[in-house]
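> I need the structure of the sequence given here:
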Amino acid sequence: MDFPKCRPYNNNDIISAKSDQQRQRERLELYEFTEQEVSGDGNCQFRSISDQIYGSCENHKLVREQVVKQLKFYGELYEGFAAMEEYDEYLKRMSNCGEWGDNITLQAAADSYGVKIFVKDTDYIEILPQSDCDHKSNKMIYLSFYAELHYNSMYQYSAGETYGWA
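Prediction:
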């Protein structure tokens with residue numbers, strides 16, 4: 001079988017993570033956003049959400065607890081998305097401090113806090129609270145996401161607010 005010819009490349013063609021971060025920062029600046037960097041200790045998604053909601057990344061354990069509680073109580077909404085493992089194992093893993101958050105935990109956070117989550121990476125993703133969410137608000141929280149590895153908190157500096165809304 002003949003495979004299609006691919007364009008050869010060398011290592012100089014590969015975009016470095018540093019230049020990707022610089023490009024992301026330039027885009028954020030264009031749209032008048034600034035980043036609040038958080039620790040890359042495995043809790044970055046929860047730290048970023050904590051920073052957006054509580055004005056400090058230090059409440060990340062509380063955010064994780066709230067998200068896991070949401071995942072447990074409304075398991076029927078989420079368990080189909082954790083297809084790579086048993087749902088109970090997924091919940092146990094997500095309960096551990098240092099375990100990386102994923103798209104399921106983002107959705108559970110949006111539902112639990114009743115907020116829209118805007119995630120900026122090379123494009124952007126909006127995570128909306130589900131329609132049957134008990135406590136929807138008009139609040140939106142902003143996160144940046146680098147190379148499928150790290151979340152930071154973002155603020156729109158033209159909005160006049162610089163910290164969370166709790």
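
> Next secondary structure element downstream of the one helix or strand in the chain whose mean pLDDT sits lowest?
Ranked by mean pLDDT, DSSP states H and E, the weakest helix or strand in the chain is strand 124-127, scoring a mean of 63. Next in sequence after strand 124-127, counting helices and strands by DSSP states H and E, comes strand 140-146.

> Tell me the buried residues in that next one?
I141, Y142, L143, S144, F145, Y146 (16 or more other CB atoms under 10 Å). Every residue, glycine included, has its C-beta placed from N, CA and C.

> do the same with stretch 51-62
Buried residues in stretch 51-62, counted by 16+ other CB under 10 Å: D51, Q52, I53, Y54, G55, C57, N59, H60.

> Quick check: the farthest pair among those?
Taking CB to CB as the measure, the buried residues of stretch 51-62 span a maximum distance of 12.7 Å, between G55 and H60.

> This protein: helices as residue ranges?
For the chain, the helices defined by DSSP state H occupy 17-30, 44-54, 60-73, 75-78, 87-94, 103-113.

> OK, contacts around the residue nearest the centre of the chain?
Closest to where the C-alpha atoms of the chain average out (CA atoms, centre = their mean) is Q45, at 5.0 Å. By CB atoms under 8 Å, 6 or more residues apart in numbering, Q45 lies in contact with W100, G101, D102, T105, L106, L143, Y151.

> Go again with 7 Å.
Neighbouring residues of Q45 by CB atoms under 7 Å, 6 or more residues apart in numbering: W100, G101, T105, Y151.

> okay, those residues in JSON lines with neighbour count and pLDDT next?
Shown next, in JSON lines, are the contacts of Q45 (neighbours: other CB atoms under 10 Å; pLDDT from 0 to 100):
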{"residue": "W100", "neighbour count": "16", "pLDDT": "92"}
{"residue": "G101", "neighbour count": "23", "pLDDT": "91"}
{"residue": "T105", "neighbour count": "24", "pLDDT": "94"}
{"residue": "Y151", "neighbour count": "24", "pLDDT": "73"}
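
> quick one: which of those residues is nearest L71?
T105 (7.5 Å).

> give me every residue that touches the closest residue to that closest one other than its chain neighbours.
Closest residue in space to T105, ignoring its immediate chain neighbours: V67 at 5.2 Å, by CB to CB, 6 or more residues apart in numbering. Contact partners of V67, counting by CB under 7 Å, 6+ apart, are T105, A108, A109, S112.
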